[in-house]
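Q: model the following, please.
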Amino acid sequence: MTTVGEQTLDWTERVWDHLVDLALTKGPDFLAALIIVVIGYIICRWIRRGIYNLLARSSVEDSAVTFISELLYFFCLTIVAVMALGTLGFSTTSLSAALGGIGLGIGLALKDKIGNVASGIFILIFQPFHVGDYIDTGGFSGTVADIRIMYTELRTTGNQMIIIPNLTMTSNIVTNYSYLDTRNLELNIGVGYDTDLPACIEIMKRVITESPYVLNKETLPIYVKALGDSSITIYARPEVKRDDYFNAMNDLYIGIKKALDNAGIDIPFPQMVVHQAKS
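A: Now for the predicted structure:
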């Protein structure tokens, strides 16, 4: 009859034999997996540092540099983990299928969010506009206050903050008024049909070319543009510095109005003539 001590000793021996057998049969695989994890971790850190330094030397925004380098880092770590588990005997096909299924489920659940992130990366890398630029997109216009991974902030001239998802930004046409150093003022001035047009054009040209804001004084486009219902439209396109746009527009409109008034040139406005029928 075996005693309790003998049973305990027998169980300990069986456990020890099992561990020895596991070490002899699976030990090399565990060692190989450990080596893959250590070396893979080091390589992943090198890749992250290299991508970060490469992007940092380019014109990519800082927030995009960090996000992209971290995203690639975790992607590389996933590959290392799959390789290590495959070395331990796990089916890499099953693991890849499982990871693919998980990724697909997450992608479907966060479709719009991922779209915003991808659009944010596109904006930060290719930079169709920068912080401080005045843009118009999707019916909204304002100065770009900040560009984030998920959304872009616009500050309107009325001092309102508009938050626009980046997917919306890349899905719409963006007009960047700050992209170039100069902007064109498109002036459409309506005058009466009894106006001496050559004299009117000379008056407007003199006012525009005397303005300190106008850059294209020698090549100023100015001509009769259209014959409207109640007025003749004279078109002028002075070029000004980007930062002087609104000040130049204000001064030119005031100057042209005063000059035309002094010359007795009428600036008509829409009118309706009502005839009373005879009873």
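Q: now the strands for the stretch 151-279 of the chain?
A: 151-155, 161-165, 174-176, 182-184, 187-191, 222-227, 232-236, 239-241 (DSSP state E, counting those that start in this stretch).
Q: in CSV, list those strands along with mean pLDDT.
A: Formatted as CSV, those follow (pLDDT from 0 to 100):
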stretch, mean pLDDT
strand 151-155, 91
strand 161-165, 92
strand 174-176, 92
strand 182-184, 93
strand 187-191, 94
strand 222-227, 94
strand 232-236, 95
strand 239-241, 96
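Q: what's the closest of these to residue 65?
A: Closest of these to residue 65 is strand 151-155, at 17.7 Å (criterion: CB to CB). In this view, the C-beta of every residue, glycine as well, is placed from N, C-alpha and C.
Q: partners of the closest one, with directions?
A: Applying DSSP bridges to the sheet, strand 151-155 is found paired with strand 140-147 (antiparallel), strand 161-165 (antiparallel).
Q: which strand residues bridge the closest residue to residue 177 other than its chain neighbours?
A: Spatially, and ignoring its direct neighbours in sequence, residue 177 is nearest to residue 134 (4.6 Å; CB to CB, 6 or more residues apart in numbering). Using DSSP bridges, the beta-bridge partners of residue 134 come out as residue 143.
Q: give the contact list for the closest residue to residue 192 other than its chain neighbours.
A: Spatial nearest neighbour of residue 192, chain neighbours left out: residue 266 (4.0 Å); criterion: CB to CB, 6+ apart. Counting by CB atoms under 8 Å, 6 or more residues apart in numbering, residue 266 touches 191, 192, 194, 195.
Q: identify the farthest-apart pair in those.
A: Spatial extent of these (CB to CB) is set by the pair 191 and 194 at 9.0 Å.
Q: higher neighbour count, those two?
A: Relative neighbour count places residue 191 above the other of residue 191 and residue 194, with 21 against 8, counting by other CB atoms under 10 Å.
Q: give the buried residues for stretch 187-202.
A: Using 16 or more other CB atoms under 10 Å as the test for burial, stretch 187-202 gives 187, 189, 190, 191, 195, 200, 201.
Q: these: which two are farthest apart?
A: Maximum distance among the buried residues of stretch 187-202 (CB to CB): 15.9 Å, for 187 and 195.
Q: so the residue nearest to residue 177 versus residue 211, what's the distance?
A: Here the criterion is CB to CB, to the nearest Å. By it, residue 134 lies 22 Å from residue 211.
Q: and for residue 133?
A: Distance from residue 133 to residue 211, by CB to CB: 25 Å.
Q: in contact with residue 240, which residues?
A: Neighbour list for residue 240: 182, 183, 184, 185, 213, 214, 215, 248 [criterion: CB under 8 Å, 6+ apart].
Q: also residue 120?
A: 64, 147, 148, 149, 150, 151, 152, 166.
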